[in-house]
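Trainee: pasting the structure only:
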């Protein structure tokens, strides 16, 4: 069975618990730009230095979902992961700012912004596991 928004998406299992961060970002409302943004994130198109850098700072998994112009990112990390430190380190890695500039034409964000400045961390307001 293929994975779709109706069948659901498999997630990675880890030996122990992980932390999850969720972020959002809006794209410019232009179907051609959105199609190109999707293409640049497709398998084989995302730059290997960017993928390596994401892993190097300790991120275990990163997923981006889209509806209309709204992006939603899920980041899974080890429990000892420090967001601010990792994002500061990520911004110094090879080609990272070049990638951010490459993506900025599609995003509603200030030119020259880092990933951490573009993507807004979201607050969890509901958690089913805690509902009795």
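Mentor: Yes, it's here. Given the structure is predicted, the values throughout are model-derived calculations rather than measurements. Residues are numbered from 1 along each chain as shown.

Trainee: tell me the pLDDT at residue 130?
Mentor: Looking at residue 130, its pLDDT is 72.

Trainee: Which of the helices and strands in the protein ranks last by mean pLDDT?
Mentor: None of the helices or strands of the chain scores lower by mean pLDDT, DSSP states H and E than helix 115-118, at a mean of 92.

Trainee: so what does that one touch, helix or strand wise?
Mentor: On a contact count with 3 or more Cβ pairs under 8 Å, 6 or more residues apart in numbering; DSSP states H and E, helix 115-118 meets helix 83-90, helix 96-104. All C-beta spots, glycine's among them, are computed from the backbone N, C-alpha and C.

Trainee: hey, which of these is tucked in deepest?
Mentor: Each of the helices and strands packed on helix 115-118 was assessed for mean neighbour count using mean count of other Cβ atoms under 10 Å. The highest is helix 96-104, with a mean of 16.

Trainee: Which elements pack onto that one?
Mentor: helix 31-40, helix 48-56, helix 115-118.

Trainee: Show me what secondary structure element comes after the least confident helix or strand of the chain.
Mentor: Reading on from helix 115-118 to the C-terminus, the next helix or strand found by DSSP states H and E is strand 120-121.

Trainee: Quick one: mean pLDDT over that next one.
Mentor: Summarised as a single mean, pLDDT over strand 120-121 is 96.

Trainee: again with stretch 12-21
Mentor: The average pLDDT within stretch 12-21 is 95.

Trainee: now swap in stretch 95-102 and tell me
Mentor: Regarding stretch 95-102, the rounded mean pLDDT is 94.

Trainee: chain center to that stretch, what's the gap?
Mentor: Its chain's average C-alpha position is 14 Å from that of stretch 95-102, according to Cα atoms, centre = their mean, to the nearest Å.

Trainee: who touches it?
Mentor: Residues outside stretch 95-102 that contact it (Cβ atoms under 8 Å, 6 or more residues apart in numbering): 40, 47, 49-50, 53, 90-91, 111-115, 118.
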